[in-house]
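1. please find the sequence and the predicted model below.
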2 protein chains.
Amino acid sequence: MKDEMKGFLSYLTLWNLRKQPMTGAELAKELEKRRGQKPSPGTIYPVLKELKEKGLISSDKEKRYSLTKKGEKEIIEACNHFCQIFYDVKEMKNCC
Amino acid sequence: MKDEMKGFLSYLTLWNLRKQPMTGAELAKELEKRRGQKPSPGTIYPVLKELKEKGLISSDKEKRYSLTKKGEKEIIEACNHFCQIFYDVKEMKNCC
DNA sequence: AGATGGGTATTGGGTAACCAATATTTAAAA
DNA sequence: TTTTAAATATTGGTTACCCAATACCCATCT
């Protein structure tokens, strides 16, 4: 099973920002908690840039990123998608 | 958010096979339920081939795939990984 | 036997996702 | 002001992932 679990980085980024704004460094720390490995700068910042260009997040003067209205809609939609794919996620929990 | 939710195909394949053996066609139907779109043959069969080569699944004469012992171990491990990444998946559920 | 159709499989290629390495900015210390 | 360090950002290239198109196999029907 290769390096599965890829491809969720921008999803996880929005998800992490949904409660409180964060800097890139703080985000990296959060992602390390989840994945067990800290993403490199070349991973995290392009994602932030892309999300910003799409209008899903914005940053203040302190480089602290937060969701825009559009980003809030997006994360809800993505959650729906996620929950459809993993509708039986509870069984996965029991797996652990 | 591009076409996120990619990259979990082999994970989902093992997950679907964990209870009863399935043919490629049955698997495709299952995946359609989850993702809303049926994966093309060029998607599903290379995955099955790869999983077989890795000894995670095996097939009988009727082309029905099932998990090997190794595959059973693998899906448990993958579940653990998944649950670590999405440790707050419950909140996602509430999102929907 | 030949034809038809559905499942199975392969091939080739395109793109998203990611990282290592490097550069730049920022801020605080000396 | 210069130095140092840490965060931020960019670039280039690699790989995983997936699909469309095509081919193959194997029933079942004619």
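-> Arrived safely.

2. wait, is residue A:46 part of a strand?
-> No - per DSSP: H, G, I helix; E, B strand; the rest coil, residue A:46 lies outside any strand segment and is helix.

3. now for it, how many residues are close by?
-> By other C-beta atoms under 10 Å in any protein chain shown, 12 other residues sit near residue A:46. All C-beta atoms are positioned from the backbone trio N, CA, C, and that covers glycine.

4. for residue B:8, see how far away it is.
-> 22 Å (C-beta to C-beta, to the nearest Å).

5. the closest residue to DNA strand C within chain A - how many residues pack around it?
-> In chain A, the residue that lies nearest DNA strand C is residue A:42 (1.4 Å; C-beta to the nearest atom of the strand). If you count neighbours by other C-beta under 10 Å, residue A:42 ends up with 7.

6. what strand or helix carries it?
-> helix A:41-53 (DSSP states H and E).

7. ok, and for that helix, which residues are buried?
-> A:44, A:47, A:48, A:51 (16 or more other C-beta atoms under 10 Å in any protein chain shown).

8. so what touches it?
-> Helix A:41-53 is contacted by residues A:9-10, A:13-14, A:24, A:27-28, A:31, A:57-59, A:65, A:71 when judged by C-beta atoms under 8 Å, 6 or more residues apart in numbering or on different chains.

9. just give me the closest of those residues to chain B.
-> When the contacts of helix A:41-53 are compared for distance to chain B (C-beta to the nearest C-beta), residue A:10 comes out closest, at 5.8 Å.

10. helix, strand, or coil at residue A:7?
-> coil.

11. swap that for residue A:74, sorry
-> Going by three-state DSSP: residue A:74 is helix.

12. and it, what pLDDT?
-> Looking at residue A:74, its pLDDT stands at 92.

13. quick check: phi and psi at the residue nearest to it when sequence neighbours are not counted.
-> In space, and not counting its chain neighbours, residue A:74 is closest to residue A:56: 5.4 Å by C-beta to C-beta, 6 or more residues apart in numbering or on different chains. As for residue A:56, its main-chain torsions (degrees, to the nearest 10) stand at phi -90, psi -30.

14. check whether residue A:56 really touches residue A:68, as I assumed.
-> Yes - applying C-beta atoms under 8 Å, one finds residue A:56 in contact with residue A:68, separated by 6.1 Å.

15. of these two, who's got more company?
-> residue A:56 (23 against 15).

16. so residue A:8 versus DNA strand D, what's the distance?
-> Here the criterion is C-beta to the nearest atom of the strand, to the nearest Å. By it, residue A:8 lies 11 Å from DNA strand D.

17. over to residue A:34?
-> Distance from residue A:34 to DNA strand D, counting by C-beta to the nearest atom of the strand: 17 Å.

18. what strand or helix carries that residue?
-> For residue A:34, the host element (DSSP H and E) is helix A:24-35.

19. chain A against chain B: which residues are in contact?
-> A:1-2, A:4-8, A:10-12, A:14-15, A:34-36, A:54, A:56, A:74-76, A:78-87, A:89, A:92-93, A:95-96 (C-beta under 8 Å from any C-beta of the partner chain).
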